[in-house]
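S.K.: Structure for this input, please:
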Amino acid sequence: MKEGRAKANILKIILGILLLCVVCVAGYVIYMQANYYRIEDHAALEAKNNQKETLKLGEMYTAVTYNIGFGAYGPDYSFFMDTGEMEDGTKTAGKYGKAVSKASVKANTEGAAGELEKLGADFMLLQEVDVDADRSYHINQKEELIKRFSDYGNLFANNFHSAYLFYPFSDPHGAVEAGLLNFSRYKIAEAERRSYPVDNSFVTKFTDLDRCFAVMRLPVEGGKELVLINSHMSAYDEGGRIRAQQLEMLNSVMKEEYQAGNYVIVGGDFNHALGEAVAEGFPAKQKFPAWVSVLTQEEMAQGIAIQQAVNELDVPTCRGADIPYTKGVNYTTVVDGFLVSDNVKATAENIDTDFGYSDHNPVFLRFELLE
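M.R.: Got it, this is the predicted structure:
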C-alpha cells in the first residue's frame, strides 16, 4: 500500500512538472505574440546634425556599405541560426545566440569604425547596428558611432525590435532593438522608412528582422534629387520566396524614382549573391548552401544596374557563420554592394578586412552624377 502511494505521489509530481512546463511555454508564446508588431510603412525619418551643402553634377563622391553584425562576428564567432555542410557531408551549425562578451562587442565595433574612418566616404550605409540589445550586452552602437562620426549628418531606421527570445537555451539571443544607421556629409532634404514584406510564419517572425529600407532624398543642383537607399533584405529564406517579394518592392521604388528623372543609388546587404559569377566563385571546404539566392541583372528594373566590384572575384563580402572563420574553409560570396541608375557613373571595390570585425566586408563606391 505504501508502495502504491509512493508511485501515485511520483506520478502527481511528474504530471505537475509537465503541467508547469505547458503553462510556462504557453505563457511565453503569449508574451512573444503580445509584444510582436510591425513598424509602420512610410514612417518619416529625421536627419540629425543635418549638413547644409548640396550635391553638384560632375563631381566625384564616395559611399560605403557595411553590415557590422552587431559587433559579434569576430573570426572565432558562429551564430545559432546559421547552418551548413562540409564537403565530406558533415553538418554544421552555429553556436552562439549573442556576442561572446561585452569586450568583443566593443573591440569589433571599434574595429569596424576604424575601417570606415580609413575609407572616409561621403556617405556611410550601415546595417545591424544595435541600440539596446541583450545580444550586444546593451552597448549602444548607434550612439557610439554617431559620436565617432560627429562631423556627419546621421539618420536611423529601426528594423529589429524583438521581445526576449529565450533561444538557444544555452545562450539566449534576448531582446533586441537595432537598425540601419546612415551618415551623410551632404544635406538630406527628406527621408522615410519603407517596410519590406517579411515571413510571418509563427517562429520566423520572432527571429528574423522587421526588414526595411531607408530612403533618403538629397537635393542636386538643377532641381533633381539623389535618392540614396540603405537596404537590408531577409537572410533566412530558403528558396528566396520572401526576398523575391522584397526585390519586387525595391524595383518598383527604383523604377518610379528613375522615371521621375532622379539619380538612384541603393547600397546594403542584399542577402543574394550579386551575380552568378560570385555565387560559387571562391575556394571553400563547404558545400553550396541552401540559403543562397542569386540576383541577376535581368531581375533589375529598367535603367538600374548591379554595380559589380572591380575585384568581385578576389574579395568576398560575406562568410558563412555556421563555423568560425578560416580563409578557404568557410563558404564565402558577395551579397553586399550597390545598385545604381544609368545616370550615375560609378565604380565599386570590395574592401578586404578578412572578416576581422564582422561576417561582412565593406564595399566602397565612387560615383558621379551625370548631366
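S.K.: Disregarding flanking residues, what is the spatial nearest neighbour of Val310?
M.R.: Glu349 (5.6 Å; C-beta to C-beta, 6 or more residues apart in numbering). Any C-beta I mention is one placed from the backbone N, CA and C, and that applies to glycine too.
S.K.: Wait, the one you found touches Asn361, no?
M.R.: No: at 10.4 Å, Glu349 does not count as touching Asn361 under the criterion of C-beta atoms under 8 Å.
S.K.: which of the two has more neighbours?
M.R.: Neighbours of Glu349 and Asn361, each counted by other C-beta atoms under 10 Å, are more numerous for Asn361; the result is 24 against 17.
S.K.: what's the spacing between that one and Thr317?
M.R.: Computed with C-beta to C-beta, to the nearest Å, the distance linking Asn361 and Thr317 is 5 Å.
S.K.: which neighbours do these two share?
M.R.: Asp336, Asn350 (C-beta atoms under 8 Å, 6 or more residues apart in numbering).
S.K.: Look at Gly4 and report its pLDDT.
M.R.: Here the pLDDT value assigned to Gly4 is 65.
S.K.: those helices in the stretch 151-300 of the chain, which residues are they?
M.R.: In the stretch 151-300 of the chain, the segments counted as helices under DSSP state H, counting those that start in this stretch are 204-207, 241-259, 276-279.
S.K.: elements contacting the longest one?
M.R.: Counting contacts by 3 or more C-beta pairs under 8 Å, 6 or more residues apart in numbering; DSSP states H and E, helix 241-259 is packed against strand 225-232, strand 263-269, strand 304-307, strand 336-341.
S.K.: hmm, who's touching that helix?
M.R.: Contacts for helix 241-259 (C-beta under 8 Å, 6+ apart): 194, 196-199, 211, 213, 215, 225, 227, 229, 231, 233-234, 237, 264, 266, 271-272, 293, 295, 299-304, 339, 341, 343.
S.K.: can you rerun that using 7 Å?
M.R.: The contact list for helix 241-259 (C-beta atoms under 7 Å, 6 or more residues apart in numbering) reads 194, 196-199, 211, 213, 227, 231, 233-234, 237, 264, 266, 271-272, 293, 299-304, 341.
S.K.: PyMOL command for the buried members of those residues?
M.R.: Buried subset of the contacts of helix 241-259, written as a PyMOL selection, criterion 16 or more other C-beta atoms under 10 Å:
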select buried, resi 194+196+198+199+211+213+227+231+233+234+237+264+266+271+272+293+300+301+304+341
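S.K.: All set, thanks.
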